[in-house]
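Colleague: Give me a 3D structure for the following:
(one chain, ligands or ions: 4)
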Amino acid sequence: RAKASGKAQFARYSDELRSHADHRLRLESALGLALRNGEFELHYQPICHIDGVPRVVGVEALLRWHSDSGLVPPTEFIPILEESGLIVPVGEWVLRESCRQTRAWQLTGHEPLYCSVNLSSRQLHQPEFARCLASILEETGLPPTSLILEITESLLMQDTADTLMSLREIAALGVRLALDDFGTGYCSLGYLTRFPLHILKVDRSFIDGAPSNPELGTISRAIIGLGTNLGLQVIAEGVEDTPHLDFLRTEGCSYAQGFWFSRPRPAKELQGLLDGNERPHGGNLNGETPCK
Ligand code: C2E
Ligand code: MG
Ligand code: MG
Ligand code: MG
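Modeller: Ligands and ions are numbered 1, 2, ... in the order given. Predicted structure coming up:
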């Protein structure tokens, strides 16, 4: 009896595995066509300077996929793009499109605006990545200093001569590098000085707990201090309410990003916020004029 039920359980388990694998295969083949079918879109989330009245200084480009069966979250499809290698052409499209859009904003009165783009290690390790990047900048007219590439701790952990060289080539173009989701990976702290980094993005898990949880507050404070003292610009992710903002101001963190300012949105829907005609989504403003 026990044996029979064990068998049934195994059969159910392998059915689940199979349907999981089927699902994945379907996603992967749909993703293979998505670029050509124009199913990708970029949303942009403002990054704000928060000393005083919040002001938009940049935007982070975030990839969206409108598949046949609806909008698929990046956490579901980005890993498939990465494992299949499709992230290389898709990532190149993301770079070109975000540089083009940012340059268009710059030319319509938002000159200092910068754009921050997530970069996968597969892209970085493409031969000639820096050359491809340089030609996208030239083609779109975006100054290199208006572009930031966001990399993760796991990319730095593949601590090879290649990684260091590729990052140096990018930095040599004048493009800045940000370490994303800092504090969630297994990066050794020495890497903060070993690689040519300019910006530290504090993961939202720390920011979220900082005002209410003393331990998370201590960790956030330490990360802000560490980044600042190393001469890095520190950006807090995941600012959703005024206690988060108050905490960051108290701790001397000058830049922030999060739903409090704005959710990521299509370029067109960001115009009002960039022009200063609109208040941030869901914000309790306490009389402040935000984001301009
Ligand atoms: P990320 O680079 O850390 O991007 C920030 C994520 O946090 C975004 O999720 C954004 O919508 C979300 N977020 C922003 N503010 C808040 C907030 O106040 N509260 C909460 N709860 N969340 C907030 P999204 O757009 O779903 O992207 C998830 C991840 O997918 C990104 O994390 C990034 O790692 C990856 N990703 C997105 N676009 C690209 C891309 O073009 N290329 C690559 N390689 N990865 C990308
Ligand atoms: Mg990012
Ligand atoms: Mg992040
Ligand atoms: Mg994140």
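Colleague: In contact with residue 72: list those residues for me.
Modeller: Shown here is residue 72, whose contacts under the criterion CB atoms under 8 Å, 6 or more residues apart in numbering are 27, 65. Every C-beta, even on glycine, is put in place using the N, C-alpha and C of the backbone.
Colleague: From residue 204, how far off is it?
Modeller: Counting by CB to CB, to the nearest Å, the gap between residue 72 and residue 204 amounts to 21 Å.
Colleague: With residue 135 instead?
Modeller: Computed as CB to CB, the residue 135 to residue 204 distance reads 34 Å.
Colleague: same thing with residue 146?
Modeller: With the distance defined as CB to CB, residue 146 ends up 25 Å from residue 204.
Colleague: is it true that residue 221 touches residue 251?
Modeller: Yes. Counting by CB atoms under 8 Å, residue 251 is a contact partner of residue 221 at 5.3 Å.
Colleague: thinking again about what came up before, more neighbours: which of residue 135 and residue 204?
Modeller: Between residue 135 and residue 204, counted using other CB atoms under 10 Å, the more crowded position is residue 204 (20 against 12).
Colleague: what number of residues lie near the nearest residue to the more buried one once chain neighbours are set aside?
Modeller: Once flanking residues are discounted, residue 204 sits nearest to residue 238: 2.3 Å by CB to CB, 6 or more residues apart in numbering. By the measure other CB under 10 Å, the count of residues near residue 238 is 18.
Colleague: what residues does the stretch 101-250 of the chain put near ligand 2?
Modeller: Taking CB under 5 Å from the ion, the part of the stretch 101-250 of the chain that reaches ligand 2 is made up of 118, 150, 180.
Colleague: between the residues you listed, which has the most around it?
Modeller: Across those, the neighbour count under other CB under 10 Å reaches its highest value at residue 180, namely 23 neighbours.
Colleague: what's near enough to touch that one?
Modeller: With contacts defined as CB under 8 Å, 6+ apart, residue 180 is in contact with 118, 150-152, 201.
Colleague: Those residues: which ones sit near ligand 1?
Modeller: 118, 150 (CB under 6 Å from any ligand atom).
Colleague: The contacts of residue 180 in strands, which ones?
Modeller: When the contacts of residue 180 are checked against strands using DSSP state E, the ones located there are 118, 150-151, 201.
Colleague: so which of these comes closest to residue 268?
Modeller: Comparing the ones in strands among the contacts of residue 180 against residue 268 with CB to CB picks out residue 118 as the nearest, at 21.5 Å.
Colleague: ok, what's across the strand from the spatially most central residue of the chain?
Modeller: The structure's the chain has its C-alpha centroid closest to residue 118; by CA atoms, centre = their mean the separation is 4.8 Å. As for beta bridges, residue 118 partners with residue 150 under DSSP bridges.
Colleague: Residue 219 against residue 182, yeah?
Modeller: No. Using CB under 8 Å, residue 219 is not in contact with residue 182, being 10.8 Å away.
Colleague: And the two? Which one has more around it.
Modeller: Between residue 219 and residue 182, counting by other CB under 10 Å, residue 182 is the more crowded of the two (25 against 17).
Colleague: The nearest residue to that one once chain neighbours are set aside: how many residues sit nearby?
Modeller: If the residues on either side of it in the chain are set aside, residue 182 comes closest to residue 200, at 5.2 Å by CB to CB, 6+ apart. The local packing of residue 200 (other CB under 10 Å) involves 23 other residues.
Colleague: I'd like to check which residues are in contact with residue 200.
Modeller: For residue 200, the contact set (CB under 8 Å, 6+ apart) comprises 178-179, 182, 192, 223, 226-227, 232-235.
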